[in-house]
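>>> everything below, folded, please.
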Amino acid sequence: QLNDETYFGYRRVAIGEKTKLVRGVFDSVVDKYDLMNDVMSLGIHRIWKRVALEHTGLRRGMRALDLASGTGDLARLMASLVGKDGLVVLSDINSRMLKKGRAKLDDLGVIGNVDYAIANAELLPFPDNHFNAVTISFGLRNVTHKEQALKEMYRVLKPGGRALVLEFSK
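Residues are numbered from 1 along each chain as shown. You can find the predicted model right below:
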């Protein structure tokens, strides 16, 4: 970050503009999002998500939060781990992406142990010490104040909980 500017891709933009620009990008790709992930990662993102899942430590009855959940790939996998007595919250700042994720999970029969929240990773609407695991897959790069988002992830984690960040870059 550069005082009152931040990066949007390789471009410097005003801090207040980044969220709007990110929302616009994802609004424009919502219907092709899953295909884009496969193309951009050559399908490897699916393997990375399964490996991340193994590191969550999730078991039946636990709670998980998936930030920047997109169409819910990782959340779907977590829902199977926590079972009917657990809960996975899919969260995204983009309502269209969250709607697409909900429709996808509904179509796959993933219901009853999932919830949905439109939320900014920098200011999470959840209580302290609430989740056993918090994940963000390929979304941290889109957050304006990354340190603040990481602090929020830590805040909502239970003691001993795990935060996992998947990203293409450092």
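
>>> now stretch 141-150: mean pLDDT?
Mean pLDDT, stretch 141-150: 91.

>>> how near is the nearest residue to Gly161 once chain neighbours are set aside to Thr6?
Excluding the flanking residues, the one nearest Gly161 by Cβ to Cβ, 6 or more residues apart in numbering is Asn132, at 5.0 Å. Every C-beta, even on glycine, is put in place using the N, C-alpha and C of the backbone. Taking Cβ to Cβ, to the nearest Å as the measure, Asn132 and Thr6 are separated by 31 Å.

>>> more neighbours: these two, which one.
Asn132 (22 against 19; other Cβ atoms under 10 Å).

>>> check which helix or strand covers that one.
Element membership for Asn132 (DSSP states H and E) is strand 131-137.

>>> let's verify the nearest residue to Asp92 once chain neighbours are set aside: helix, strand, or coil?
Counting by Cβ to Cβ, 6+ apart, Leu98 is the residue found nearest to Asp92 once chain neighbours are left out, at 4.4 Å. Using DSSP: H, G, I helix; E, B strand; the rest coil, the structure places Leu98 in helix.

>>> test my guess that Leu98 contacts Ile118.
Yes: at 5.9 Å, Leu98 counts as touching Ile118 under the criterion of Cβ atoms under 8 Å.

>>> list residues touching both of the two?
Ser91, Asp92 (Cβ atoms under 8 Å, 6 or more residues apart in numbering).

>>> which of those two has more neighbours?
Set side by side, Leu98 and Ile118 show more neighbours around Leu98, with 22 against 13, by other Cβ under 10 Å.

>>> on that earlier part again, pretty sure the residue nearest to Gly161 contacts Gly61?
No: taking contacts as Cβ under 8 Å, Asn132 lies outside contact range of Gly61: 9.2 Å.

>>> helices and strands of the protein: which one bottoms out on pLDDT?
None of the helices or strands of the chain scores lower by mean pLDDT, DSSP states H and E than helix 33-41, at a mean of 59.
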